[in-house]
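1. what follows is a predicted protein model with its sequence.
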Amino acid sequence: MGTNKELESSLQQLRLLNQVAKDITSTLGLEPRLGFICQSIIDIMGVKGVSIRMLDQKTNRLELACACGLSEAYIHKGPVDADKSLAKALEGGPHFVLDAYADPGLQYPEAARREGLVSVLSLPLKGRTKVIGTLRLYTGERRAFTQDEIDFLSALAAQGAISLENARNYDTLEKQDKAKSDFIMMMTHELKAPLMAVQGLLDVMQKGYVGPLTEKQKELIARIYRRIDSLMEVSTDLLDIYEWQTERPDTQSISLSMNEQIQRAVDLFKTSAREKGLTMDVDLPDEDLILMGSEDEIEKILNNLITNAIKYTPKGGNISLALSASGGSVVFIIKDSGIGIDDQDISKVFDKFFRSKGAKKIDPYGKGLGLPFVKQIVEGLGGTIRVKSEEGKGSEFILAFPTPG
Amino acid sequence: MDKPKILIIDDDPDLVESMRITLEANNYEVESASNGTEGLQLVKEVNPDLIILDVMMDSITEGFQVSYQLRSRDPESEYSAYSNIPILMVTGVSQKMHMKFSPQTDEDYLPVDEFVEKPIQFEALLEKVERLIKKG
């Protein structure tokens, strides 16, 4: 029986090690993973409580990351000073105290006594270059740990430390990215206000409200106006794209008929297509294909793609839009017989600020924010977008959305 | 007949200037204030036929506060004599904040009569000004 129990315990230990090792590459849900580790240690080792604390380099304190089996009062007993309490563990090796409240190395002996903690084992969490925190086990009775147990816990701490370090690095990167987005949004807002004021002042001059203008003055004002317009456009696009990125607008997702959305977009653009001498074909299925999203989002996707198709297709060309259901997805394809995208450029068309050589020739003022924005919205709706193109022959954008269900 | 009087409450002096020039060129008399407090003071002094109100001034809600004060339903309000003056709100935020500004459905929420979006199209502004003053 005793052997069976030992085997069972070794198996449990291996399982936990394996689980923690697998978690290393994962970046999400740090808290539940730590909770799982702490609870598993309690189960396997039969101890009273487990805590994981992370070292804050600036304050030299150990901040609680996770605790199991300990009372709120004990967890929040006060700031844990790295020097006083865990110096030995932080130096690198496991540190064991048999009678916690009698040990001068313990920072809160009285709290430990009230909590009923007797023996304490502290292990360093070693990151790639330095100790990043501690793992602590507390027992309710006098207990020594065997070398095997300490080896197991050391292995666990080593694995866990790398996992924690990954998660922390990921957090830092996310914070930096958010700070960058916030900065761009703030700058763009700041830019828009004076631009709007300039537009207003130019407008009253252009209308002749402040006196007649010469032809040359009119021409120059029109030029300034155009540049201001293009700056306004880029500001609006930037705000759209970053706002969407940081927080998908809290518009409610509703069931939308893609058939209707496409028909509406086509109605909106058919005049400008005709004026440019383009034909437009629309192929919609008889039954309504439904998407979950907001009208605003679908409208932005369709308007962007149709505007591009019209812009980059020369006179006499054709634009076709098709909607179908295929393999559990709603598939929308927009195809034009326009200038196309060359092989070098095609992988970059969804990059922010990228403009293909052909696109630059046709519209020198474009900003390269339309397609990245479309991609962002499509992916926000759980869909995918890809592009096929041949230079000089045309482009085809294929969008697939999950069927709600 | 006297020219209709319009009070602009907006903290951007250049925007005020272009609105003033446009409105004066179209036979309106224009007064302006650069913040809510000064604006409310001028409402009492000038008793305008229309108020053009910017949403955001010193604070993001200053324009809202001014409209609440002017349209207060409290009969004791010092502005009760002015509660019928039409308000045209200038905003750059209605789309961004996904707010419903419709005066029919949201009268309690934002008691103004009409909106113009920034950047201001002066044709649209003039058309709305004319319509609101006729109605008022």
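-> Okay, I see it.

2. does B:Glu114 touch B:Ser67 like I think?
-> No: with contact defined as C-beta atoms under 8 Å, B:Glu114 does not reach B:Ser67; the gap is 11.9 Å. From N, CA and C alone the C-beta is placed, and that goes for glycine too.

3. which residues do these two both contact?
-> B:87, B:89 (C-beta atoms under 8 Å, 6 or more residues apart in numbering or on different chains).

4. residue ranges with poor pLDDT in the stretch 51-200 of chain A?
-> A:83-92, A:105 (pLDDT under 70).

5. mind doing that once more with 80?
-> A:78, A:81-107, A:163, A:167-168, A:171, A:189 (pLDDT under 80).

6. what about B:Glu114 and B:Ser67, which has more around it?
-> B:Ser67 (21 against 18; other C-beta atoms under 10 Å in any protein chain shown).

7. tell me which residues touch the more buried one, please.
-> By C-beta under 8 Å, 6+ apart, the residues touching B:Ser67 are B:53, B:87, B:89, B:110-112.

8. ok, what's across the strand from the residue most central in space within chain B?
-> Closest to where the C-alpha atoms of chain B average out (C-alpha atoms, centre = their mean) is B:Ile52, at 2.5 Å. Beta bridges link B:Ile52 to B:Ile8, B:Leu88 when assigned by DSSP bridges.

9. quick one: it from chain A, how far?
-> Distance of B:Ile52 to chain A, computed by C-beta to the nearest C-beta, to the nearest Å: 13 Å.

10. isn't that residue right up against B:Pro86?
-> No: judged on C-beta under 8 Å, B:Ile52 makes no contact with B:Pro86 at a distance of 9.8 Å.

11. so who does residue 38 touch?
-> In the absence of a named chain, chain A is used. A:50-52, A:66-69.

12. actually, chain B is the one I wanted.
-> By C-beta under 8 Å, 6+ apart, the neighbours of B:Glu38 are B:Ile9.

13. that one belongs to a strand, doesn't it?
-> No: counting by DSSP: H, G, I helix; E, B strand; the rest coil, B:Glu38 falls outside a strand, being helix.

14. tell me where chain B has helices.
-> B:13-25, B:36-46, B:62-70, B:122-135 (DSSP state H).

15. now the contacts of B:Ser67: which count as buried?
-> B:53, B:87, B:89, B:110-112 (16 or more other C-beta atoms under 10 Å in any protein chain shown).

16. picking up where we left off before, using CSV, please lay out the helices of chain B together with mean pLDDT.
-> Below are those laid out as CSV (pLDDT from 0 to 100):
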stretch, mean pLDDT
helix B:13-25, 94
helix B:36-46, 93
helix B:62-70, 83
helix B:122-135, 91
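
17. quick one: closest of those to A:Val97.
-> With C-beta to C-beta, the closest approach to A:Val97 among the helices of chain B belongs to helix B:62-70: 61.7 Å.

18. buried residues in the closest one?
-> B:62-64, B:66-67, B:69-70.

19. kindly report the same for stretch B:24-37.
-> For stretch B:24-37, by 16+ other C-beta under 10 Å, it's B:28, B:30-36.
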